[in-house]
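In: turn this into a model:
(2 chains)
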Amino acid sequence: MTGTAAREWTKVSAFIRKNWLMARRNIFTVFEVVFWPTVGVLSVGLLTRFLDLTPETTAFILIGTLALSIIQVCQLDVAYAILFEMWAKGIKHQFLAPIGLWHLALGSWLMGILRGLAVFALLAGLGWWGFGFDFFHPGPAALVAFLLGLFLNAVIIGLGVCTLLLLFGLRAEVSAWSAVSLILLLAGIYYPVSLLPPPVAAVAAAIPLTYFLDAFRAHYGFAPVFEAALLKGFATSLVYLALTYGALGAALTHARRRGTLLRLSE
Amino acid sequence: MGLSPAVEIHDLEKSFRSGWPRRRVQPALRGVTFSVPRGVIFAILGPNGAGKTTLLSILATLLLPDRGSARVLGHDVVREPHRVRERVNMSSGNANFLWSLTPREILDIFARLAGVTGRVRRVRVEALLDLLELRGHAEVPYSELSTGLKQRLALAKALVNEPELLILDEPTVGLDPDVSVRIRAQIAALRRERGTTILLSTHYMREAEELADEIVFLRDGRILARGDADSLKRRIKVGDAVSLVLADPAAWERLRALPGVLACASRDGRVECVVDDARKRLPDLLRHLHEAGVEVHDLRVTEPDLEAVFLELAR
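Out: Below is the predicted model of the structure:
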């Protein structure tokens, strides 16, 4: 690695290391990575048994549960890049350092991917053991594309939460846990988006996760709602990623103008 | 071509807006202009709300000014903030870090953020633990450190990128005197041994007097005076104190009329006079007492300290 590349990677690694150390010493990590995903997949899986759903419908719902858990844990890591510092009242130190926002976004996202993969491994095992559901059935390429789509959605939501935190301070911390719920409602986590009223369905079509769920569920026998769903999913993801990254940059400039970084460090 | 000054500020203004729907505008800096040469310790003194932290935060790129310009080590803080951050660091008295991380981990993370790679980073972190006498507490979670240790850690953190300009905002606030003395010694050593330019805000006159080559007084966002400690004392003319014990205590009334005597009073058997310049007025004062046959049993002269200058300016 060249000197410049090594320095840039070192800055990215600061966020990975920080989130890793905090995760290791935080009891909430157990809840985020193990408890809530386990409760989610078991309760939803048992509900499908009780309702005597077909294997296809069970697959439809379990894929939604998996997606929700992975996005939640991964986006939290991105949000933690700001949240931890706000809770510690030391956010100004982070922004005194010669870093770009991309160091923050990439480092915390990579840690989020690591935790997201741990959640995937856990839920894939539970799905197989409890309900005979095979998350690997669509094959490695489809699975990698699906997981990448989930992680892209997570970083978009995480950056959105960071933007709100810089704009509104800790009044916006609830968004770190509630933003995913909105996506849950709109992107068809537990039902096809075709069930939604037309204006809401149009909103769902603007959410990248809708396409990734559609593409992955097609491998389990559900007729795809959208054509070229993966392509649309990645295309819309890139657009939202650019938008949320730009919004975060603008929010940071706003925070520097209003003195928010100082206020949040007192 | 010579090196640019460490800091060049011209007509800097900053206001804070708050409240809704009625906006309140609170001016913090009103046209501040000064420059700081490299390699000096420069102190900013002023009462609470004078604008010290606002000024330092603009120089550290944490705040954007409304008007005017500020250049740090030749770089504009608004147009080239990244360049500034590479060469500057800041420590404040009320610094906070992640509660469950240890000093070693905190320094490692901030060294990473500064782009310090591999072995150089590990060596630097260990050196800073030694320099700031943190080694014995290197593995203690931040939340369990004493205030003095937290302050030393904040200073260590501000040195991870070996800054050419170090900004210290109230570095010894709330510390025990012995810890303050050690931190001051470390600040002085940084300038002496590394040639670091240090910009320091403080409430403590002794700190400014002891450390700073130059001082500015800030009040209500404006600079009231600038100079070294001695020249400020002379310029502000708060006067020297002359304390006497006279054989005839009633003789003090006569002293009030002498030229250069600003005030005179008798307290607890001592005559306390304030003169504009003790070196100039003392011979006349003693001659006058001698000619009047008044014996002087004790005499003390006290030069004004910076605190007196500060109080005079803050009035």
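In: how's chain B carved up into domains?
Out: B:7-227, B:238-314 (automatic domain parsing).
In: any idea how far the helix or strand harbouring B:Val25 is from the middle of the chain?
Out: Using DSSP states H and E, the secondary-structure element containing B:Val25 is strand B:24-36. Strand B:24-36 has its average C-alpha position 17 Å from the chain's average C-alpha position, going by CA atoms, centre = their mean, to the nearest Å.
In: after that strand, which helix or strand is next?
Out: Toward the C-terminal end, the helix or strand that comes next after strand B:24-36 (DSSP H and E) is strand B:41-45.
In: next, the angle strand B:24-36 makes with that following strand.
Out: Using axes from the mean of the first three to the mean of the last three CA atoms, to 10 degrees, the interaxial angle of strand B:41-45 with respect to strand B:24-36 works out to 150 degrees.
In: in its sheet, what does strand B:41-45 sit against?
Out: Strand B:41-45 has the following strand partners under DSSP bridges: strand B:197-202 (parallel), strand B:214-219 (parallel).
In: please identify the most buried of these.
Out: When you average the neighbours per residue for each of those (mean count of other CB atoms under 10 Å in any protein chain shown), strand B:197-202 leads with a mean of 25. In this view, the C-beta of every residue, glycine as well, is placed from N, C-alpha and C.
In: columns mean pLDDT on top of the strands paired with strand B:41-45, output as JSON lines?
Out: Compiled in JSON lines, the strands paired with strand B:41-45 are given as follows (pLDDT from 0 to 100):
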{"stretch": "strand B:197-202", "mean pLDDT": "93"}
{"stretch": "strand B:214-219", "mean pLDDT": "90"}
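In: and for residue 102, the neighbour number?
Out: With no chain named, the answer covers chain A. Using other CB atoms under 10 Å in any protein chain shown, A:Trp102 has 14 other residues around it.
In: actually it's chain B I care about, not the one you picked
Out: Using other CB under 10 Å as the criterion, B:Thr102 is surrounded by 21 other residues.
In: give me phi/psi at B:Ala60?
Out: The phi and psi torsions at B:Ala60 (degrees, to the nearest 10) take the values phi -90, psi 0.
In: residues contacting it?
Out: With contact set as CB atoms under 8 Å, 6 or more residues apart in numbering or on different chains, B:Ala60 has these partners: A:Leu96, B:Val84, B:Arg85, B:Val88, B:Asn89, B:Met90, B:Ile167.
In: picking that back up, turn the strands paired with strand B:41-45 into a markdown table, columns for distance to A:Phe84.
Out: Formatted as a markdown table, the strands paired with strand B:41-45 follow (distance: least, CB to CB, whole Å):
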| stretch | distance to A:Phe84 |
| --- | --- |
| strand B:197-202 | 28 |
| strand B:214-219 | 34 |
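In: these: which one's closest to A:Leu53?
Out: With CB to CB, the closest approach to A:Leu53 among the strands paired with strand B:41-45 belongs to strand B:197-202: 66.9 Å.
In: please save the CA atoms from stretch A:135-151 in PDB.
Out: The C-alpha trace of stretch A:135-151 is given here as PDB (Å, rounded to 0.1, in the frame of the first residue of the first chain):
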ATOM      1  CA  PHE A 135     -31.300 -19.000   2.700                       C
ATOM      2  CA  PHE A 136     -28.600 -20.300   0.400                       C
ATOM      3  CA  HIS A 137     -31.100 -21.800  -2.000                       C
ATOM      4  CA  PRO A 138     -30.800 -19.000  -4.600                       C
ATOM      5  CA  GLY A 139     -27.100 -19.600  -5.000                       C
ATOM      6  CA  PRO A 140     -24.100 -17.500  -4.000                       C
ATOM      7  CA  ALA A 141     -24.400 -14.800  -6.600                       C
ATOM      8  CA  ALA A 142     -28.000 -14.000  -5.800                       C
ATOM      9  CA  LEU A 143     -27.300 -14.200  -2.100                       C
ATOM     10  CA  VAL A 144     -24.300 -11.800  -2.300                       C
ATOM     11  CA  ALA A 145     -26.300  -9.400  -4.400                       C
ATOM     12  CA  PHE A 146     -29.200  -9.500  -1.900                       C
ATOM     13  CA  LEU A 147     -26.800  -8.900   1.100                       C
ATOM     14  CA  LEU A 148     -25.000  -6.200  -0.700                       C
ATOM     15  CA  GLY A 149     -28.400  -4.500  -1.400                       C
ATOM     16  CA  LEU A 150     -29.300  -4.800   2.300                       C
ATOM     17  CA  PHE A 151     -26.000  -3.300   3.300                       C
END
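In: contact partners of that stretch?
Out: Counting by CB under 8 Å, 6+ apart, residues outside stretch A:135-151 touching it are A:63, A:66-67, A:70-71, A:74, A:109, A:112-113, A:116-117, A:120, A:123-124, A:127-128, A:208-209, A:211-212, A:215-216, A:219-220, A:230, A:233-234, A:237.
In: from these, list just the buried residues.
Out: The neighbour-count test (16 or more other CB atoms under 10 Å in any protein chain shown) marks A:63, A:66-67, A:70-71, A:74, A:109, A:112-113, A:116, A:120, A:123-124, A:127, A:208-209, A:211-212, A:215-216, A:219-220, A:230, A:233-234, A:237 as buried among the contacts of stretch A:135-151.
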